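Peer 1: Using only what follows, build the 3D model:
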Amino acid sequence: MLTKKAAKKVGVEGFLSPVMNTPTKPEDYRLRAAWKGSSVMRVALVNTNRIKPPIAPIGLEYVAEALHEAEHEVKILDLSWAEDWETDINRFFGENSFDLVGVSLRNTDDCAFTSRQSFIEEFAAMVQAIRKRSDALIVVGGVGFSVMPERVLEVCAADAGVWGDGEYVFAELANRMGRKQEWRDLPNMIRRHDGGWYRNPVSAQDLTALPAMSRSWVDNPRYFREGGQVGIETKRGCSHHCIYCADPMAKGSKIRLRPPKAVVDELERLLERGIDHIHTCDSEFNALASHAHEVCEEIIRRNLGDRLRWYAYCSPAPFSLELAELMRRAGCKGINFGADHGDAGMLKRLGRNFTPDDIANAAQACKTTGTAVMLDLLLGAPGETKKSLAQAIKVMKSIEPDRVGVAVGVRIYPGTIIASMVKHEELREGVVGGDGLLAPLFFVEPKVAPFIFRLLDDIIGDDRRFFFFDPSRPDRNYNYNANERLVEAIQKGYRGAYWDILRRYGQNGS
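Peer 2: Okay, here's the model as predicted:
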């Protein structure tokens, strides 16, 4: 039985504790199931993400590869393409019998203050539909799940969850089930116990032990045709302390690297399938500059730079002209910098470790190399003023990036720094939403909330470089979920990062 010493009980309504990042040696999780007495498990993996344009479920593919390496039978149900997901679930589980079912939640919501659309209710309905058709152990996981696992488990019919990395845990879970051994003590596991949910300590795995990724488990060519891009990871984790970011909880606060050779091997496999527009799924590609250099150098060494068109998320610092040139030679066409703000004081309040000058220098390095630049802003955080808002837009205009994304309202995820901040009485007035377990929660500084949208409209004016995270502005909407213009552009043959597709689509007069 799981004891209080081995696990931690967390209340469903409570804020989550920081992720534990105790490295585990690769040999602790032997992926091969070829031990005496071990049975092959039949495992189903279900992709529940139905956002359009569709986004290929890279995490689910990585878990499938690990299970396959451990010699278990794996089948994937991809509900992204379902006209009626309930019909597809009934058919899939009616025709197949499984020992273990893994269900992935990529996003809890659309992260937009203006729409506040939650995906958890539909996700819970999918898990409940699976439960009606299968007696298998149902375990949920994914980045979205890892942000608020107890809350998700509370509303669905799953037996347990995997918090954080899923590859090794799912493979070892299947191994132990095949040997009829106890599995409840596995790292990263969350299961019900005595009427509550318990978390086992999280283990941030060594990514050098991942199996070679074939990228053949889902229909990536179709995702490319209908989604415009396919993702890849070069590293995992984020060591920064931004007040709003949930990445350290979902992926760990310790940066873990994939070998550049393994990354580029995977890129070559995608190229073989005709997929030549890639987006890095790292929190920040340049989080460790030396590793970013090594990945680019391996791409260049294999002469792939002219065949690839890839995009990356990066931090404005440290970012050098040398790295910009190397990324460009390796085929990088655009970089999305998490600038967050243009006011130095607000950058500090947001927990960022760079300055407006750093943002300008990074953008200039990209311009020098002919790389498209996107700067993302996050406005309305604690301490925001009319003056800081004006400064943010002024700085963005002076830098002259190709595009600027404007998001108003800070998403409050359980366990983040801002989640602790808003417990204090002086900030509670700025909390918006959260009416019920499934509703997204945001913060907008009360001193600017009454006029922030009107002020931004006045300051930005008709500058077409600015995108808004607002579905009510279809011609300048930066909310990718159900973005009709974006879907239309992809159907017309545009490929690449969504912001760059919208940029080029607009430039061509569409």
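Peer 1: ok, for residue 241, nearest residue in space, not its chain neighbours?
Peer 2: residue 351 (4.8 Å; C-beta to C-beta, 6 or more residues apart in numbering). C-beta here means a position set from N, CA and C on the backbone, and glycine is covered the same way.
Peer 1: and residue 223, what is it in contact with?
Peer 2: Under the criterion of C-beta atoms under 8 Å, 6 or more residues apart in numbering, the neighbours of residue 223 are 54-56, 80, 230.
Peer 1: can you give me how far the strand or helix carrying it is from the chain middle?
Peer 2: In the assignment (DSSP states H and E), residue 223 maps to helix 220-227. For helix 220-227, the separation from the chain centroid amounts to 18 Å (computed by C-alpha atoms, centre = their mean, to the nearest Å).
Peer 1: send the alpha carbons of stretch 254-270 over as CSV?
Peer 2: Below are the C-alpha coordinates for stretch 254-270, written out as CSV (Å, rounded to 0.1, in the frame of the first residue of the first chain):
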residue,chain,number,x,y,z
LYS,A,254,15.9,21.3,-14.3
ILE,A,255,16.8,21.6,-18.0
ARG,A,256,17.5,18.2,-19.5
LEU,A,257,19.0,17.8,-22.9
ARG,A,258,18.5,15.4,-25.8
PRO,A,259,21.6,14.4,-27.7
PRO,A,260,21.9,16.5,-30.8
LYS,A,261,22.4,13.4,-32.9
ALA,A,262,19.1,12.0,-31.7
VAL,A,263,17.3,15.3,-32.4
VAL,A,264,18.6,15.4,-36.0
ASP,A,265,18.0,11.7,-36.6
GLU,A,266,14.3,12.5,-35.8
LEU,A,267,14.3,15.5,-38.1
GLU,A,268,15.6,13.3,-40.9
ARG,A,269,12.8,10.8,-40.3
LEU,A,270,10.2,13.7,-40.6
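Peer 1: In that stretch, which of the residues would be classed as buried?
Peer 2: 255-260, 262-264, 266-267, 269-270 (16 or more other C-beta atoms under 10 Å).
Peer 1: The residue nearest to residue 178 when sequence neighbours are not counted and residue 70, how far apart?
Peer 2: Excluding the flanking residues, the one nearest residue 178 by C-beta to C-beta, 6+ apart is residue 39, at 4.0 Å. Separation of residue 39 from residue 70 (C-beta to C-beta, to the nearest Å): 12 Å.
Peer 1: Tell me which of those two has more neighbours.
Peer 2: Per other C-beta atoms under 10 Å, whichever of residue 39 and residue 70 has more neighbours is residue 70, with 28 against 14.
Peer 1: Quick check: phi and psi at the more buried one.
Peer 2: Dihedral angles of residue 70 (phi, psi; degrees, to the nearest 10) stand at phi -80, psi 10.
Peer 1: pretty sure it contacts residue 171?
Peer 2: Yes. Residue 70 lies in contact with residue 171 (C-beta atoms under 8 Å); the separation is 4.2 Å.
Peer 1: picking up where we left off before, quick check, nearest of the contacts of residue 223 to residue 48?
Peer 2: Nearest to residue 48 among those is residue 80, at 8.5 Å by C-beta to C-beta.
Peer 1: picking that back up, in the helix holding residue 223, what counts as buried?
Peer 2: 220, 223-227.
Peer 1: before we move on, what about stretch 39-46?
Peer 2: Neighbour-count burial for stretch 39-46 [16+ other C-beta under 10 Å]: 41-46.
Peer 1: now do stretch 461-469
Peer 2: Those would be 465-469, for stretch 461-469 by 16+ other C-beta under 10 Å.
Peer 1: same question, stretch 90-106
Peer 2: 92-93, 98-106.
Peer 1: on that earlier part again, mark which of the buried residues of stretch 39-46 are part of strands, please.
Peer 2: Counted as lying in strands by DSSP state E, out of these, are 42-46.
Peer 1: Could you export the residues you listed as a markdown table, including pLDDT and distance to residue 140?
Peer 2: Listed next are those as a markdown table, based on pLDDT from 0 to 100; distance: C-beta to C-beta, whole Å:
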| residue | pLDDT | distance to residue 140 |
| --- | --- | --- |
| 42 | 98 | 18 |
| 43 | 98 | 14 |
| 44 | 98 | 13 |
| 45 | 98 | 11 |
| 46 | 98 | 9 |
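Peer 1: mind putting the residues you listed in a markdown table, distance to residue 498 included?
Peer 2: Below are those laid out as a markdown table (distance: C-beta to C-beta, whole Å):
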| residue | distance to residue 498 |
| --- | --- |
| 42 | 37 |
| 43 | 32 |
| 44 | 30 |
| 45 | 25 |
| 46 | 25 |
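Peer 1: can you pull the pLDDT of residue 203?
Peer 2: We have a pLDDT of 85 for residue 203.
Peer 1: what residue ranges in the protein score low on pLDDT?
Peer 2: 1-38, 436-437, 509-510 (pLDDT under 70).
Peer 1: for it, which residue is closest to the average position?
Peer 2: residue 143 (6.0 Å; C-alpha atoms, centre = their mean).
Peer 1: Who are the contact partners of it?
Peer 2: 59, 105-107, 250-251.
Peer 1: how does it look with 10 Å?
Peer 2: 59, 104-108, 164, 166, 246-247, 249-251, 281 (C-beta atoms under 10 Å, 6 or more residues apart in numbering).
Peer 1: ditto for residue 274
Peer 2: 220-221, 224-225.
Peer 1: so the residue lying closest to residue 501 once chain neighbours are set aside is in which element?
Peer 2: Spatial nearest neighbour of residue 501, chain neighbours left out: residue 494 (4.5 Å); criterion: C-beta to C-beta, 6+ apart. Take DSSP H and E as the rule and residue 494 turns out to sit in neither a helix nor a strand.
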